[in-house]
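Trainee: sequence? don't have it. structure:
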């Protein structure tokens with residue numbers, strides 16, 4: 001069966017017509033069971049959610065009667081009694097609120113990995129599950145208001161994530177919809193920042209700066225506060241004309257100012273390894289490992305074409321790009337994956353809601369590189385080899401189009 005609480009409560013057999021489940025009290029009990037679908041909900045919680053701090057003397061019998069009504073309306077085996085409470089024996093994905101949570105998590109992970117088109121599709125699917133305010137027909141029950149507020153906050157964050165994704169897509173024009181969101185939530189900074197970015201990308205810098213100034217005055221008047229450092233930094237970037245236009249950049253190998261002579265045997269050996277997926281140039285410090293790696297890009301890996309920009313997230317690249325990562329300045333402690341993300345031009349949105357935890361950097365890399373054809377150059381791995389080696393193994397296992405060329409004083413394997 002399918003259950004909906006993102007709007008008025010609805011119950012229907014798969015593909016069938018909605019089923020009547022009784023009045024406000026049974027519907028409230030069912031809504032509480034749906035919030036914890038597949039898990040035990042104590043009788044005490046069902047009573048508190050129905051009646052608050054002052055339950056009537058017969059509250060236990062009343063809840064049991066409401067469960068009986070629900071069992072007559074639904075397949076009886078769906079509601080299980082386990083001594084201390086009741087369990088709704090359904091898959092959590094059969095409940096629209098849990099499906100929405102799953103889709104927004106997936107969409108946020110895809111967005112963090114730079115796969116904007118896929119993120120937008122998943123987030124639209126999740127937001128399309130909403131039919132109105134959550135728990136619209138049981139809003140008077142004490143449990144409903146805080147749960148509805150939580151879900152509405154998740155809905156708003158998902159809408160912001162969707163706009164974030166759309167700003168990375170070609171031909172996207174989200175400024176008008178973002179202005180409506182800013183009007184509805186004038187003290188919320190992330191929509192304001194997204195609107196500023198959308199206006200700047202459309203060549204409307206003066207309007208973007210006016211949106212910031214409007215927000216600054218509103219915060220000062222209503223809260224006696226200044227804009228966040230992230231929003232202020234965005235304002236300064238637009239003011240200076242520093243906002244990046246177009247697709248994100250991959251870090252290119254450093255330019256070489258001198259000619260390269262000799263090393264023909266080493267280049268020939270590297271050319272013979274061109275079909276390998278992990279190659280390490282090993283040697284003592286100062287022997288020219290980095291220069292040899294850079295020269296080998298042109299001589300030994302003709303399928304790798306350094307470019308100014310990475311492919312847009314919805315495109316499949318026709319040639320394999322090159323991304324250069326200098327790990328000589330990385331201290332380890334989980335920072336290797338972050339350094340690779342930075343070289344790929346992937347960073348967390350600056351105005352991400354504080355309640356939203358970002359995905360693990362390694363998982364972000366896997367998601368970002370899974371569909372890419374890329375030669376990843378990891379330079380100076382000897383400083384962080386204990387972290388770089390397992391990261392390389394994980395990426396090569398999960399990203400079929402990836403080749404890694406490393407330089408190190410010891411093998412990376």
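Mentor: In hand now; what should we look at? As the structure is a computational prediction, the values presented were derived from the model and not from experiment.

Trainee: Pick out the residue nearest the middle of this structure.
Mentor: Centroid check for the chain by CA atoms, centre = their mean gives residue 108 as the closest residue, at 1.9 Å.

Trainee: Am I right that that residue is in contact with residue 162?
Mentor: No: judged on CB atoms under 8 Å, residue 108 makes no contact with residue 162 at a distance of 10.2 Å. The way it works is simple: take the backbone N, C-alpha and C, and place the C-beta from them, glycine included.

Trainee: what are the ranges of the strands in this protein?
Mentor: Assigned by DSSP state E, the strands in the chain fall at 2-4, 10-12, 40-42, 79-81, 85-88, 278-282, 321-326, 374-379, 402-408.

Trainee: so can I have a markdown table of these showing distance to residue 339, mean neighbour count and mean pLDDT?
Mentor: Shown next, in a markdown table, are the strands of the chain (distance: least, CB to CB, whole Å; neighbours: other CB atoms under 10 Å; pLDDT from 0 to 100):
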| stretch | distance to residue 339 | mean neighbour count | mean pLDDT |
| --- | --- | --- | --- |
| strand 2-4 | 44 | 21 | 93 |
| strand 10-12 | 48 | 16 | 91 |
| strand 40-42 | 45 | 17 | 92 |
| strand 79-81 | 50 | 15 | 91 |
| strand 85-88 | 46 | 20 | 92 |
| strand 278-282 | 18 | 20 | 87 |
| strand 321-326 | 6 | 21 | 84 |
| strand 374-379 | 9 | 24 | 86 |
| strand 402-408 | 13 | 24 | 87 |
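
Trainee: Tabulate those in TSV, adding columns for distance to residue 170.
Mentor: Listed next are those as TSV, based on distance: least, CB to CB, whole Å:
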stretch	distance to residue 170
strand 2-4	35
strand 10-12	38
strand 40-42	47
strand 79-81	50
strand 85-88	44
strand 278-282	34
strand 321-326	19
strand 374-379	21
strand 402-408	25
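
Trainee: right, and those - which one's nearest residue 214?
Mentor: strand 2-4 (37.8 Å; CB to CB).

Trainee: Who are the packing partners of that closest one?
Mentor: When contacts are defined as 3 or more CB pairs under 8 Å, 6 or more residues apart in numbering; DSSP states H and E, strand 2-4 packs onto strand 10-12, helix 96-112.

Trainee: tell me the most buried of those?
Mentor: Per-stretch averages of neighbours, counted by mean count of other CB atoms under 10 Å, single out helix 96-112 among the helices and strands packed on strand 2-4, with a mean of 21.

Trainee: Could you give the separation of stretch 101-116 from the chain centroid?
Mentor: With CA atoms, centre = their mean, to the nearest Å as the basis, stretch 101-116 stands 3 Å off its chain's centre.

Trainee: for stretch 372-382, same thing?
Mentor: With CA atoms, centre = their mean, you get 24 Å for stretch 372-382.

Trainee: can you give me the helices in the stretch 101-250 of the chain?
Mentor: Secondary structure of the stretch 101-250 of the chain (DSSP state H, counting those that start in this stretch): helices at 116-127, 144-166, 175-184, 189-201, 205-223, 229-240.

Trainee: quick one: low-confidence parts of this structure?
Mentor: Along the chain, the parts satisfying pLDDT under 70 run over 242-251, 254-263, 298-299, 302-320, 332-334, 347-359.

Trainee: Got the domain ranges for it?
Mentor: Segmentation of the chain into domains, based on the TED database, reads 1-169, 173-244, 264-307+318-347+359-408.

Trainee: Tabulate those in a markdown table, adding columns for distance to residue 252.
Mentor: What follows is those, written out as a markdown table (distance: least, CB to CB, whole Å):
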| stretch | distance to residue 252 |
| --- | --- |
| domain 1-169 | 17 |
| domain 173-244 | 15 |
| domain 264-307+318-347+359-408 | 5 |
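
Trainee: With distance to residue 381 added, can I get the helices and strands packed on strand 2-4 in JSON lines?
Mentor: Shown next, in JSON lines, are the helices and strands packed on strand 2-4 (distance: least, CB to CB, whole Å):
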{"stretch": "strand 10-12", "distance to residue 381": "56"}
{"stretch": "helix 96-112", "distance to residue 381": "25"}
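
Trainee: Specify the stretch among those that is closest to residue 241.
Mentor: With respect to residue 241, and counting by CB to CB, the nearest of those is helix 96-112 at 25.9 Å.

Trainee: What is that closest one packed up against?
Mentor: Using 3+ CB pairs under 8 Å, 6+ apart: helix 96-112 touches strand 2-4, helix 116-127, helix 144-166, helix 361-369.

Trainee: can I get those in a markdown table with distance to residue 37?
Mentor: Formatted as a markdown table, these follow (distance: least, CB to CB, whole Å):
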| stretch | distance to residue 37 |
| --- | --- |
| strand 2-4 | 8 |
| helix 116-127 | 17 |
| helix 144-166 | 13 |
| helix 361-369 | 26 |
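
Trainee: right, and the ones you listed - which one's nearest residue 48?
Mentor: Minimum separation from residue 48 across these (CB to CB) falls at helix 144-166, 12.0 Å.

Trainee: now the angle from that closest one to helix 96-112?
Mentor: Helix 144-166 runs at 30 degrees relative to helix 96-112, counting by axes from the mean of the first three to the mean of the last three CA atoms, to 10 degrees.

Trainee: could you say what helices and strands helix 144-166 packs with?
Mentor: Secondary-structure packing of helix 144-166 (3+ CB pairs under 8 Å, 6+ apart): helix 24-35, helix 96-112, helix 116-127, helix 175-184, helix 189-201.

Trainee: So for the third one, what gets flagged as buried?
Mentor: Residues 116, 117, 118, 119, 120, 121, 122, 123, 126, 127 are the ones in helix 116-127 that count as buried (16 or more other CB atoms under 10 Å).

Trainee: can you count the residues close to residue 360?
Mentor: As a burial measure, residue 360 scores 13 neighbours (other CB atoms under 10 Å).

Trainee: nope, residue 62 is what I was after
Mentor: Residues lying near residue 62 (other CB under 10 Å) number 18.

Trainee: Fine by me, we can end here.
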